[in-house]
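> model this:
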Amino acid sequence: MEKAPDAFEEKTVASGSARSEQDTGAARRAAFCANVFDVMVRLYGEPGIASWCLEAQTRHAVDVPSLLFFALADSDGHGADDGEMQRLLERAGEWRALFVLPLRHLRLTLRQGPRNTAEIEFYEKIKAAELEAERLQVRRLADDFLPLEGPGGLAARYLGTISMPEPEAGALVGRLRDATKAMCHGFPIMRTEDLKTS
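Predicted coordinates for the structure are as follows:
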């Protein structure tokens, strides 16, 4: 005679399966947050991405690190609700206003006109400091983003918060999505070779 399935056992198996999916999702999100800046640098180096981002930065005051962060989060299947996203943008914006933008202003000022060797070296140090400030801005975004969950479409929603006109915003998001897919050849953004081991 066959034993009837135990309802408690079925619930336990279902609960364990749901917990395993949550753990896997949390691990993927943690890997995303730990590695996102390195992947952003690769994405920024893809053909056309730097020029599209810099044009959007110049014409619409787009915060390129935030845009790339959100585009990669979208591509890797992560999200956040509107309120959480606003808090992310506020914290990243604080850092950007205090450190990234002043360094950028200084770098762009130094870039103008003829320079001697010492000034060129100083310019390169400011440029490196600006990149480090952007890396720390992304780290701040990633740390705040880690525990969040919610709907995707983050890049498009971000561009909506800064009132970038829809045809341009949609085109930019589409270009980023296509470049991300091409860069990863259909694999998840955080491939095994992207993951930090330490």
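
> which residues in the protein form strands?
With DSSP state E, there are no strands along the chain.

> any weak-confidence spans in it?
In the predicted model of the chain, residues 1-23, 185-198 satisfy pLDDT under 70.

> for it, which segments count as helices?
Counting by DSSP state H, one finds helices in the chain at the ranges 7-44, 49-60, 64-75, 82-95, 101-111, 117-145, 154-161, 166-184.

> just those helices: most buried one?
Stretch with highest mean neighbour count among those: helix 64-75 (a mean of 24; mean count of other CB atoms under 10 Å). Backbone N, C-alpha and C define where each C-beta goes, glycine included.

> and the contacts of it?
For helix 64-75, contacts defined as CB atoms under 8 Å, 6 or more residues apart in numbering pick out 32, 36, 39-40, 43-44, 53-54, 56-57, 79, 89, 92, 96, 100, 134, 137-138, 141-142, 145, 152-155, 157-159, 172-173, 176-177, 180-181, 184, 189.

> what of stretch 149-161?
60, 62, 66-67, 70-71, 73-74, 77-82, 84-86, 89, 169-170, 172-173, 176.

> again, 6 Å this time
Phe70, Ala71, Ala73, Asp74, Gly79, Ala80, Asp81, Ala169, Val173 (CB atoms under 6 Å, 6 or more residues apart in numbering).

> send me that stretch as CSV with only the CA atoms.
Written as CSV, here are the backbone C-alpha positions of stretch 149-161 (Å, rounded to 0.1, in the frame of the first residue of the first chain):
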residue,chain,number,x,y,z
GLU,A,149,14.1,44.5,-4.6
GLY,A,150,11.5,45.8,-7.0
PRO,A,151,10.7,46.5,-10.6
GLY,A,152,13.3,46.9,-13.3
GLY,A,153,13.4,49.6,-15.9
LEU,A,154,15.8,51.6,-13.7
ALA,A,155,17.8,53.3,-16.5
ALA,A,156,14.6,54.6,-18.2
ARG,A,157,13.1,55.6,-14.8
TYR,A,158,16.4,57.5,-13.9
LEU,A,159,16.3,59.4,-17.2
GLY,A,160,12.7,60.3,-16.5
THR,A,161,13.6,61.8,-13.1
